[in-house]
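Trainee: model this:
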Amino acid sequence: MMFFKVLKLLLKKPFTNKFPVKYAPKNTLGLVEKVQKGEVKINPPVATPPGFRGKLEYDIDECVGCGLCAQVCPSHAIELVRDKKWIIMHCKEGAKLAAPLKIKIYVSRCVFCGQCVDVCPRKCLKMSDEFLLANEDKLAEDLIIPGP
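Mentor: Numbering: from 1, shown residues only. Take a look at the predicted model:
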């Protein structure tokens, strides 16, 4: 009985995906160079499951700068900053120039809890499928949303 189970498992296709290549390279830097030259092809990663919480996406035009996302963020990955664009605000005293608040997200600090997405009243934040976020520099351009 046990023999047939083992035999059946030997003939099944594995569920794991060898990523980034089928076999572990002896020289990682050599592998990177070969990938850049197009000599070696990287295995595509397995598709992410529904509801996966990957890198945050931010719609800066939709954001009103309420700051709720920064308040609920447990890892302080979201910071309120002044927008570079000045706008004309109309109030009782007349028209004023003002720089609205926007957010800056430090992906390297994010714990991917999704609380900011849930609390956003304008739905300008959402979790993407992107999960390849490794970088030696925590303040790299691709780990800060929107970029500096």
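
Trainee: Centre-most residue in this structure?
Mentor: With distances taken as CA atoms, centre = their mean, the chain has residue 55 as the residue nearest its mean C-alpha position (1.3 Å).

Trainee: For it, give me its contacts.
Mentor: By CB atoms under 8 Å, 6 or more residues apart in numbering, residue 55 lies in contact with 107, 127, 128, 130, 131, 133, 145. The way it works is simple: take the backbone N, C-alpha and C, and place the C-beta from them, glycine included.

Trainee: any idea how far the residue lying closest to the first one once chain neighbours are set aside is from residue 100?
Mentor: Looking back up the chat, that one is residue 107. In space, and not counting its chain neighbours, residue 107 is closest to residue 143: 4.4 Å by CB to CB, 6 or more residues apart in numbering. To residue 100, residue 143 is 24 Å away according to CB to CB, to the nearest Å.

Trainee: The two: which is more packed in?
Mentor: Comparing residue 143 with residue 100 by other CB atoms under 10 Å, the one with more neighbours is residue 143, at 19 against 13.

Trainee: Residue 1 versus that one, what's the distance?
Mentor: According to CB to CB, residue 143 stands 52 Å off from residue 1.

Trainee: Residue 135 now?
Mentor: To residue 1, residue 135 is 50 Å away according to CB to CB.

Trainee: The residue nearest to residue 99 when sequence neighbours are not counted: neighbour count?
Mentor: Of all residues not flanking residue 99 in the chain, residue 82 sits nearest, at 4.3 Å (CB to CB, 6+ apart). Neighbourhood size, residue 82 [other CB under 10 Å]: 12.

Trainee: If any of the contacts of residue 55 are buried, put those into a PyMOL selection.
Mentor: Of the contacts of residue 55, the buried ones go into a single PyMOL selection, burial set by 16 or more other CB atoms under 10 Å:
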select buried, resi 107+127+145
